[in-house]
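>>> Okay, here's the prediction I keep looking at, along with the sequence it came from:
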Amino acid sequence: MRLRTPLSVPRLLTNQPIHKPAAGWLRSSTAMATSNSTFASAFATDPISPPLTDYKPRYIDIGINLADPIFRGRYHGKPRHPDDIQGVIKRAKEVRCTKLIVTGSSFKSSRDALKLAEQFPGIIFTTAGIHPCSSAIFTPSHHRHHDESQSEDEAEHTPACGPDPTKPILDSEGIDHGRSEKIIADLAALISSARSSPTPSLTAFGEFGLDYDRLHYCSKEVQLHSFSAQLALAASLTPQLPLFLHSRAAHADFVRLLKEAFGPRLERLEKGGVVHSFTGTADEMRELMDLGLYIGINGCSFKTAENCAVVKEIELSRLMLETDGPWCEVRPSHDGWRYLVDAAKAASAAATATAAAATAGVPEVGGEPTTAAMTAPQPKKQGGKKNQKKEPEVPDRFKVVKKEKWEEGAMVKGRNEPCTIERIATIVAGIKGVSVEEVCEAAWANTIEVFGL
Ligand SMILES: [Zn+2]
């Protein structure tokens, strides 16, 4: 009872995209009864069936801060374990996350991302821009050159995604306009040089935008200036680059500045863009989608029931997936976590049914395990040892250790990385009541379309 017949249905668009829509991925969500939550019931009625789908997921992590020194084993300037970037990429490949768009959020991280892309051609792609939290370089009191090459000890971590209650900086500081011109000229030169590389990896302008949850790095005034000045540069590029955008608690100003730069319908935005790490309201998301923009979803997008209700409203034709590692992992306290629990239970039921079928002499279906099965706990062996560690509710695919106990091949506790992107897809599928396949294929097609990968 494989349900792999593609059904042609009208696109689920309710808006008129400016940009050419991704094609060919959409299937009837009602006909495709392959969502994780249906695994258990399907097997309950038909225990000797082969897996419902042999679909092999594929992922592009559109927002991963791999230029962060934490992926080199350095935490707040101190070495804590060996550089394990190779291990991070290997684990990403093992879950079929085969392309990574490494976020540039400052001059340094943008340059480091470009260097990483040279090391991993065809896997790592990059962005270049100045994050709102890195925009203090536009102020008169900034004490270093904006593009100063920092020593490893001074290397900064990328801005985390959560709000910060630290005291905000007020607007009184002002802008250093002379310095601003130099910053924008230097950013233009960085982009131009990256684009003229024989192996260009630069795929987007950004990360840039507004973040009013974190005014302790930069005042509103400075953020508005930084965003507006970079938008003017982005609009002036020939050809333009797609935009990698950040918007937190700043929707009205964010949309206003985008329209000022690219027109009231963003009609002058040639390559589209994604608003990543989305945590806004459904109305805000609808407005962004109506403007032709895409929505990037990571663990921060599942924190509350309200967040998950917004994710439910995303058009699959506007969805992109990301981890935003080392930040934004999905935690058991997040409302979206329960969809991982559901998927694990369903996969466990599927594994048990497959084992029963094998015992009954039914040949096993070839190929690799499905997404759900890959994260399933193995069926319990009879007569196991007492005092065995309780199976976690949601099993980890890879071993996880504290950074102090780092070991080759293991993930580091609290350091999110691209291999966890399958959790994002599983939760989106659970929330929307569609298959993981639909989610993955939609996000893949959208990402290829916008970033031209
Ligand atoms: Zn961001």
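Looks like it came in fine.

>>> beta partners of whichever residue of the stretch 151-300 of the chain sits closest to the ion?
Proximity of the stretch 151-300 of the chain to the ion (Cβ to the ion) peaks at His246, 3.7 Å away. The C-beta positions use only the backbone N, C-alpha and C, and glycine is treated the same way. Assessed by DSSP bridges, His246 has beta-bridge partners Gly209, His276.

>>> and it, what is it in contact with?
When contacts are counted by Cβ atoms under 8 Å, 6 or more residues apart in numbering, His246 touches 131-132, 206-211, 275-277.

>>> Repeat that for Phe398.
Phe398 makes contact with 91, 409-411, 419, according to Cβ under 8 Å, 6+ apart.

>>> ok, of the contacts of His246, which come out buried?
The neighbour count (16 or more other Cβ atoms under 10 Å) marks 131-132, 206-211, 275-277 as buried among the contacts of His246.

>>> So what does the residue most central in space within the chain look like in phi/psi?
With distances taken as Cα atoms, centre = their mean, the residue of the chain nearest its centroid is Glu322 (1.0 Å). Note on Glu322: backbone dihedrals following degrees, to the nearest 10 are phi -150, psi 160.

>>> Kindly report the same for Ser333.
When read as degrees, to the nearest 10, the backbone of Ser333 gives phi -80, psi -10.

>>> so how far is Phe302 from it?
10 Å (Cβ to Cβ, to the nearest Å).

>>> quick one: which of the contacts of Phe398 is most hemmed in?
Cys419 (25 neighbours; other Cβ atoms under 10 Å).

>>> For it, list the residues it contacts.
88, 91-92, 94-95, 97, 397-398, 411.

>>> Out of the residues you listed, flag the one nearest to Ser219.
Ranked by distance to Ser219 (Cβ to Cβ), those are led by Val88 at 34.8 Å.

>>> Could you grab the helix/strand/coil label for the closest one?
Following DSSP: H, G, I helix; E, B strand; the rest coil, we place Val88 in the helix state.

>>> residues near it, how many?
Using other Cβ under 10 Å, Val88 has 21 neighbouring residues.

>>> Could you shift the numbering so residue one becomes 12, and keep it that way?
Sure, I'll start numbering at 12, so the last one becomes Val99.

>>> my guess is it meets Pro429, correct?
Yes - using Cβ atoms under 8 Å, Val99 is in contact with Pro429, at 6.9 Å.

>>> how close does Glu428 get to the ion?
Applying Cβ to the ion, to the nearest Å, the value for Glu428 to the ion is 17 Å.

>>> residues near that residue, how many?
27.

>>> List the contacts of Leu125.
Applying Cβ under 8 Å, 6+ apart, one finds that Leu125 lies in contact with 115, 137, 139, 205, 208, 212-213.

>>> Mind doing that once more with 10 Å?
By Cβ atoms under 10 Å, 6 or more residues apart in numbering, the contact set of Leu125 is 78, 113, 115, 135, 137-139, 201, 204-205, 208, 211-213.

>>> Show me what the lengthiest helix in the chain packs onto, helices and strands only.
The longest helix of the chain (DSSP state H) is helix 348-370. Applying 3 or more Cβ pairs under 10 Å, 6 or more residues apart in numbering; DSSP states H and E, one finds that helix 348-370 contacts helix 47-56, helix 382-385, helix 432-443.

>>> hang on, the earlier thing: what do Val99 and Pro429 both touch?
Common neighbours of Val99 and Pro429, counting by Cβ under 10 Å, 6+ apart, are 75, 77, 111, 336.

>>> Which of those fall within strands?
Taking DSSP state E as the definition of strands, the shared contacts of Val99 and Pro429 contribute 75, 111.

>>> The shared contacts of Val99 and Pro429: which two are farthest apart?
The most widely separated members of the shared contacts of Val99 and Pro429 are Leu111 and Gly336, with 9.6 Å between them, by Cβ to Cβ.

>>> between these two, what contacts are shared?
By Cβ under 10 Å, 6+ apart, the residues touching both Leu111 and Gly336 are 72, 74-75, 77, 99, 103, 428-429, 432.

>>> Now for these: which two are most distant?
Pairwise over the shared contacts of Leu111 and Gly336, using Cβ to Cβ, the maximum falls at Gly74 and Val99, 14.7 Å.

>>> Tell me the buried residues in stretch 315-333?
For stretch 315-333, a neighbour-count test (16+ other Cβ under 10 Å) marks 318-319, 321-322, 325-333 as buried.

>>> do the same with stretch 352-361
353-361.

>>> Equivalent analysis for stretch 66-82, please.
Buried residues in stretch 66-82 (16+ other Cβ under 10 Å): 66, 68, 70-82.

>>> which among those are in contact with the ion?
Near the ion, taking Cβ under 5 Å from the ion as the test, no member of the buried residues of stretch 66-82 is found.

>>> closest to Pro275 among these?
Distances from Pro275 to those, taken by Cβ to Cβ, are shortest for Ile73, at 26.5 Å.

>>> Return the residues in contact with that closest one.
110-112, 114, 136, 138, 214-215, 255, 285, 287, 305, 307-309, 331-335, 432, 454, 457-458, 461-462, 464.

>>> Which of those fall in helices?
Residues of the contacts of Ile73 located in helices (DSSP H): 432, 454, 457-458, 461-462.

>>> among the contacts of Ile73, which ones are buried?
Buried, going by 16+ other Cβ under 10 Å: 110-112, 114, 136, 138, 214-215, 255, 285, 287, 305, 307-309, 331-335, 432, 454, 457-458, 461-462, out of the contacts of Ile73.
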